[in-house]
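J.: fold the following and give me the result.
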Amino acid sequence: MMRGVQRPSLFLIDTFGFLFRAYHARAHSPAPMMRPRSGLPTAAASIFHNMPRKLLNNYTPTHLAAVFESKEPTVREQRYEQYKANRPAPPEEFLQQLPYVERLLRAMRIPTLVYPQYEADDVIGTIATQAAAQGIDVVIVSSDKDLLQLVDDRIRMYDPAKDIWFDRQTVQSYLGVPPERVPDFLALRGDPIDNIPGAKGIGEKGARELIEQFGCVEEALAHAAEVSRKNYRESLETQREQILLSKELARVHTDVPLEWSLEQLQRNEPDRRALGQLFRELEFFSLLKELEDELKDTREHDYRALESPSEIETYLEELRRAERIGVAVQVESQGLLDRVVFGLSDRPGRARVIADCPAVRQLLEEPAPRKAALDAKSALVELYRRGLERVEFSDDPVLYEFLLTAEPSAATPQGVIERELQWKYTAGVDQLADAALEASRLLAPTVEARGLRQLYETIDLPLLPVLARMEVTGIRIDPEVLRRLSLRLASEIEQLAENIYAVAGQRFNINSPQQLSKVLYEDLKLKPKRSGRRRVKADSTAAEVLEAMVDEHPIVRLVLEYRQLTKLKGTYVDPLPELVDPRTGRIHTTFNPTGASTGRLSSSNPNLQNIPIRTELGREIRAAFVPEPGWKLIVADYSQIELRLLAHMSQDPLLVEAFRRGQDIHASTAAEVFGVSIDQVSAEMRRRAKAVNFGIIYGQTPAGLAAQLSIPEEEAEQYIDRYFKRYEGVKRFIDETIQKTRETGQTRTLFGRVRPIPDINSRNPSARAFAERTAINTPLQGTAADLIKLAMIRIDRQLRSDGFRARMLLQVHDELLFEAPPEEVEPVSRLVKEIMEGVYELSVPLVAEIGVGDNWRDAK
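T.: Numbering: from 1, shown residues only. From the prediction side, this is the model:
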C-alpha cells in the first residue's frame with residue numbers, strides 16, 4: 001500500500017461518486033438507518049466524513065479538493081440525451097444528506113469545486129493534468145473506472161472502497177488495457193451505469209482482444225474486415241457511429257476552461273469548533289469525543305501572577321521593550337466590589353496576571369508598545385468605566401477572524417482560540433492575553449494578504465471605542481411608562497385568552513404548540529395552507545402558517561394577536577425596568593460588531609434593535625426611552641439607504657434619476673409597474689410597489705410577495721415581471737451578482753467586506769435559493785452597515801473635538817439616537833445630518849432625516 005506522497009501533492013476527491021456508494025452501502029445494510037432526533041438520515045454523511053478523515057490521517061497531501069457534479073445539464077448530456085439515463089433520480093434520503101456533506105467539508109476546511117456544465121470527471125481530469133504538468137503529484141480519489149484513463153507517471157488513483165492504489169501497471173492488470181486505452185475499452189464494452197451504449201456483441205473480453213490486436217477503436221473500425229470472429233466483425237461494421245460516440249462519451253476531457261489556482265486548494269487545519277457543533281447536531285457522539293480529546297493546549301506555557309511591586313515593575317519594563325503585547329481585562333466580583341485584573345503577554349507561551357494598579361494603568365495608556373486584545377471593545381468598556389480613556393488597541397484577532405470568515409460564531413475569543421490556535425479554551429485572563437498576541441501574529445498577515453487591512457483600519461477598529469463609549473453611557477428609560485403599559489397588556493392578554501377559549505369551545509394552554517395544534521386541526525378541523533411553494537407540516541402552528549389561515553376561522557387572528565402581545569410584554573415591557581443599572585439609572589446594552597454576517601451591528605442584554613417600529617405597541621415601548629432630564633433626544637435616520645445603494649450599484653437609469661429628482665421612490669416605482677403617471681398612483685398602488693421595492697432587495701419570491709400583499713401568486717409574479725421589464729439595470733445587477741458569486745463563492749460590499757456564500761452552488765434547491773438571496777442582499781445591507789459605521793466614527797470624533805456635551809446612545813440599523821442639552825440640539829442635528837449625508841459619494845444622494853423629541857417615539 002502506498003503511504004505518503006512525496007513533494008507537493010494534490011488529492012482530488014470524486015465526491016458525488018463516493019457519496020452515492022456510501023449511501024447505497026448503508027441503505028442495503030440490515031441495520032436500521034442512522035437518524036438523529038431531527039429524524040433526518042445521516043448515515044451516508046457519516047460514512048463520507050470518514051473517507052477524507054482517513055485520507056488526511058494516513059497520507060500527507062499538501063493540497064486537496066472535493067469535486068462536485070454540476071447541477072446544470074452537462075456537455076455530454078447535450079451531445080447524447082441518453083447519457084446516464086439509466087441512473088434513477090437520487091432518493092430523497094440521499095438528497096437530504098447533501099447539505100450535511102457540504103457543511104462537513106466546510107468545517108474540515110476542504111475546498112470544494114463545481115463548474116457549471118462540466119462533469120466532475122472532466123474537472124478532475126483538467127485539474128489533474130494541469131497540476132501534473134506543474135510537477136505536482138496528483139492522486140484521484142474515486143471508485144470510478146472511467147478515471148483510470150488519467151493515470152500516468154504523475155497521476156495515480158486511489159479507490160478507498162477497495163483500498164487499491166492504481167498506477168499504470170495496476171490499471172493494466174485490472175482492466176487488461178493501459179490507462180490511455182480505457183476510453184477505447186469502454187467504447188467497445190459499454191458502461192450500463194453511464195448508459196454508454198458500446199458495441200453490442202463484443203463485451204469485456206472482446207474489447208480487450210480488439211484493443212490488443214488493433215490498439216484503438218479507430219484502427220479496429222478501419223480494419224473490421226480483418227476481424228475473424230463474426231459477431232465482433234459485424235458489430236464493428238454496423239455500429240461505427242455508436243462506437244465512436246461511446247468513446248467520446250467515455251473520454252475524460254482534460255482541457256475544459258476552468259479558473260483555479262493551487263493556492264485555493266491548499267490544505268488547512270479543520271475548524272474543530274464548527275465540526276463539534278455539527279457532530280452534536282448530527283449526534284455523532286463518538287466523533288465528538290475524539291474531537292474533544294484532540295482539542296487540548298499541550299504547549300508548554302509560563303503563566304503566573306505577579307504581586308510584589310518590584311516584580312511588577314521589572315516585568316512592565318520588559319513589556320515596554322516589546323513591539324507588541326497581548327492584553328486581557330477581567331472583572332472579578334468580590335462581595336459588593338469588583339476587582340479588575342490584567343493579563344499581559346510579550347512572547348508566545350508567557351503571560352503574567354497583575355491586579356489593577358497605577359503602574360499597569362500607565363503602561364496601558366502609553367502609545368507604545370502596540371497592544372492586542374481578543375474582543376478589544378469589551379476590554380475598552382471595562383477600561384473606560386475606570387477612567388482609562390487613552391488606551392488604544394492596534395490588533396483585535398476577533399475582528400480579524402470576522403473579516404476573514406464573516407462567521408459570528410467564529411469571531412469570539414473562544415472561537416479564535418479553538419479554531420485558529422487549536423487550544424482548549426479556559427477563559428483564563430492569562431490565556432486570553434497569550435492568545436491575543438499569538439492570534440494577532442497569525443491572522444494579521446492574512447488580513448493584509450486578502451486586501452482587508454484598509455477596511456480594518458478605517459472602519460472596524462476605530463468603531464470599537466465609539467461602541468464602548470455608547471455602552472458606558474447607556475440610555476435612560478421611564479419605568480412608569482412601561483409599568484402602565486404592562487398593566488394594560490396584562491388585561492388585554494387576559495381578555496384575548498377568554499375570547500380564544502370562547503371560539504374554541506374549551507380551555508387549553510394557548511402557549512403549548514401541541515395543545516393549540518389539537519384545537520386547530522383536530523377539534524376545529526382547519527387545514528393548514530402551503531406557505532408559498534414550501535411544504536407545511538399538517539400540525540404546524542408556526543406564525544407564517546397561521547398568517548396564511550387568518551380568514552379560515554376567527555381563532556387564528558386571535559391567537560396571532562395573543563402571541564404578539566405576550567411576546568412584547570415578556571421580551572421588553574416587563575424585563576426592561578429590571579435591566580436598569582442602579583448605579584447609573586440607565587440601561588447598558590452590549591453592541592456586537594461581529595454579530596451579523598452582513599456586517600451589521602447587533603445588540604444584546606437587552607436587544608434594542610428588534611423593538612418593532614411599525615406597530616402602535618412598538619411605538620409605545622419606544623416612548624419609554626427618554627433623555628437626560630431637561631435634554632432632548634435626536635434621531636437621525638438614513639432614508640431608503642438600501643434602495644439608494646441598489647440604484648448606485650445597478651446604475652439603473654430610471655432608479656438613479658428618480659432619486660436624483662427627489663421623487664417618492666415607491667410612488668415612482670408604482671407609476672412604472674402599473675403604467676400610470678405619478679399623480680395617478682393610488683395609496684394601494686404605492687403600498688404594493690413599496691413591497692416590491694423592498695422584496696427585490698431581499699430576493700423575495702412571487703409566493704412571498706403574494707403572502708405579504710394577500711394577493712394571488714400569479715398577480716405577484718406579474719408585478720415582479722413588470723418591475724424587471726422597467727428596471728432592466730436592476731435585473732442585470734442581480735443576475736451578474738449571482739453569477740459572480742457562483743464563480744468566486746463570495747460577495748463584497750463597496751468597502752471590500754467579504755462574505756463567503758458556500759451554498760451558492762449547492763444541489764439542495766432551498767439552500768441554493770437562500771444563498772442567491774443572500775448574494776443579492778449582502779452587498780446592499782453590508783454596504784449600508786459600513787456607511788453608518790463610518791458616519792458614527794466621524795460624528796463621535798467631531799462631537800468630542802468640538803466640545804459638545806451631546807452623546808451618541810444607540811445605533812439601530814440605519815438609525816442613530818443621541819441626547820443633547822437644548823442649546824446643542826440645532827448645531828448637533830446639523831452636524832449629524834452633514835456627516836451622514838456626506839460620508840461617501842454615491843451616484844445618488846444620501847439623505848438623513850432628523851427628528852427631535854422628549855422620547856424615542858416622539859423624535860421619529
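J.: domains in the chain, by residue range?
T.: Structural domains assigned to the chain are 9-176+253-265, 298-473, 475-587, 598-651+775-860, 652-774, following automatic domain parsing.
J.: tell me which of those sits nearest to Glu241.
T.: Across those, Glu241 has its closest neighbour in domain 9-176+253-265 (11.3 Å, Cβ to Cβ). To be clear about C-beta, it is placed using only N, CA and C from the backbone, and glycine gets the same treatment.
J.: check which helix or strand the spatially closest residue to Ile641 that is not a sequence neighbour maps to.
T.: Using Cβ to Cβ, 6 or more residues apart in numbering and skipping the chain neighbours, the partner closest in space to Ile641 is Ala784 (4.7 Å). Secondary structure from DSSP states H and E places Ala784 in helix 765-801.
J.: out of the domains of the chain, nearest to Arg189?
T.: Checking the domains of the chain against Arg189 by Cβ to Cβ gives domain 9-176+253-265 as the closest, at 9.5 Å.
J.: quick one: end-to-end length of that closest one, please.
T.: This stretch, domain 9-176+253-265, spans 11 Å end to end (Cα to Cα, to the nearest Å).
J.: do the same with stretch 611-621
T.: Stretch 611-621 has its terminal residues 8 Å apart, counting by Cα to Cα.
J.: and it, what's buried?
T.: 611, 617-621 (16 or more other Cβ atoms under 10 Å).
J.: same question for stretch 201-212.
T.: In stretch 201-212, counting by 16+ other Cβ under 10 Å, buried: 201-203, 206-211.
J.: from those, which is closest to Lys525?
T.: Closest to Lys525, out of all of those and judged by Cβ to Cβ, is Gly203, at 63.1 Å.
J.: setting aside sequence neighbours, what's the nearest residue to that closest one?
T.: Gly203 sits nearest to Arg189 (Cβ to Cβ, 6+ apart), 6.3 Å away.
J.: with Ile459 instead?
T.: Nearest non-adjacent residue to Ile459, counting by Cβ to Cβ, 6+ apart: Lys789, 5.2 Å away.
J.: what is the neighbour count of the one you found?
T.: When neighbours are counted by other Cβ atoms under 10 Å, Lys789 registers 24.
J.: got it, and Leu463?
T.: Considering only other Cβ under 10 Å, Leu463 is surrounded by 22 other residues.
J.: residues touching it, list them.
T.: The contact partners of Leu463, taken as Cβ atoms under 8 Å, 6 or more residues apart in numbering, are 593, 789, 792-793.
J.: any low-confidence regions in the stretch 101-250 of the chain?
T.: Low-confidence segments of the stretch 101-250 of the chain, defined by pLDDT under 70, are located at 194.
J.: which residue ranges of it form helices?
T.: Assigned by DSSP state H, counting those that start in this stretch, the stretch 101-250 of the chain shows helices spanning 120-133, 168-175, 182-189, 203-214, 217-222, 230-238, 240-250.
J.: go through the ones you listed and name the closest to Ala707.
T.: The nearest among those, by Cβ to Cβ, is helix 120-133 at 38.3 Å.
J.: and the angle from that closest one to helix 240-250?
T.: 60 degrees (axes from the mean of the first three to the mean of the last three Cα atoms, to 10 degrees).
J.: from the chain's centroid, how far away is helix 120-133?
T.: 30 Å (Cα atoms, centre = their mean, to the nearest Å).
J.: any weak-confidence spans in this structure?
T.: For the chain (pLDDT under 70), the answer is 1-6, 22, 24-40, 73-91, 194, 294-299, 334-336, 530-538.
J.: quick revisit: ok, then the element right after the helix holding Ala784?
T.: Next along from helix 765-801, by DSSP H and E: strand 807-812.
J.: direction included, what does that next one pair against?
T.: Strand 807-812 pairs in its sheet with strand 815-820 (antiparallel), by DSSP bridges.
J.: and the angle from whichever helix or strand comes after the strand it pairs with to helix 765-801?
T.: Using DSSP H and E, the helix or strand that directly follows strand 815-820 along the chain is helix 825-838. Taking the same axes, to 10 degrees, one finds helix 825-838 and helix 765-801 inclined to each other by 140 degrees.
J.: so Ile634 versus Ala439, what's the distance?
T.: Using Cβ to Cβ, to the nearest Å, Ile634 is found at 39 Å from Ala439.
J.: cool, Thr254 as well?
T.: Applying Cβ to Cβ, the value for Thr254 to Ala439 is 42 Å.
J.: and what of Leu363?
T.: 21 Å.
J.: the more surrounded of the two?
T.: It is Ala439, of Leu363 and Ala439, that has more neighbours when counted by other Cβ under 10 Å, with 26 against 23.
J.: name the nearest residue to that one, ignoring sequence neighbours.
T.: In space, Ala439 is closest to Pro397, 3.6 Å off (Cβ to Cβ, 6+ apart).
J.: Leu790 too?
T.: Using Cβ to Cβ, 6+ apart, the nearest residue to Leu790 is Val839, at 5.1 Å.
J.: distance to Gln134 for the buried residues of stretch 201-212 - can I get that in a markdown table?
T.: Compiled in a markdown table, the buried residues of stretch 201-212 are given as follows (distance: Cβ to Cβ, whole Å):
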| residue | distance to Gln134 |
| --- | --- |
| Gly201 | 44 |
| Ile202 | 39 |
| Gly203 | 40 |
| Gly206 | 39 |
| Ala207 | 34 |
| Arg208 | 34 |
| Glu209 | 38 |
| Leu210 | 36 |
| Ile211 | 31 |
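J.: what is the nearest of the residues you listed to Gln700?
T.: Ala207 (55.5 Å).
J.: find the nearest non-adjacent residue to the closest one, please.
T.: Nearest non-adjacent residue to Ala207, counting by Cβ to Cβ, 6+ apart: Leu188, 3.8 Å away.
J.: doesn't Glu209 make contact with that neighbour?
T.: No: here Leu188 does not reach Glu209: they are 9.6 Å apart, not a contact under Cβ atoms under 8 Å.
J.: against Tyr118, how distant is Leu455?
T.: According to Cβ to Cβ, Leu455 stands 35 Å off from Tyr118.
J.: contacting residues around Leu576?
T.: So Leu576 contacts 477, 482, 587, 606, 621, 624 (Cβ under 8 Å, 6+ apart).
J.: actually Glu69, not the one I typed
T.: Here Glu69 is in contact with 16, 114, 119-120, 763 (Cβ under 8 Å, 6+ apart).
J.: let's see 6 Å
T.: 16, 120 (Cβ atoms under 6 Å, 6 or more residues apart in numbering).
J.: same check, this time on His553
T.: Leu526.
J.: quick check: Arg688 vs Asp721, distance?
T.: 14 Å.
J.: which one of these two is surrounded by more residues?
T.: Arg688 (23 against 12).
J.: name the nearest residue to that one, ignoring sequence neighbours.
T.: Leu709 (5.8 Å).
J.: need the domains of the chain in JSON lines with distance to Ile196, can you?
T.: Listed next are these as JSON lines, based on distance: least, Cβ to Cβ, whole Å:
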{"stretch": "domain 9-176+253-265", "distance to Ile196": "7"}
{"stretch": "domain 298-473", "distance to Ile196": "43"}
{"stretch": "domain 475-587", "distance to Ile196": "36"}
{"stretch": "domain 598-651+775-860", "distance to Ile196": "37"}
{"stretch": "domain 652-774", "distance to Ile196": "24"}
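J.: between the ones you listed, which one is closest to Glu290.
T.: So among those, domain 9-176+253-265 is nearest, using Cβ to Cβ, at 9.8 Å.
J.: how about the strands in the stretch 251-400 of the chain?
T.: 302-305, 324-334, 337-347, 350-355, 370-372 (DSSP state E, counting those that start in this stretch).
J.: buried set for the second one?
T.: Taking 16+ other Cβ under 10 Å as the neighbour-count basis, strand 324-334 is seen to contain the buried residues 324-330.
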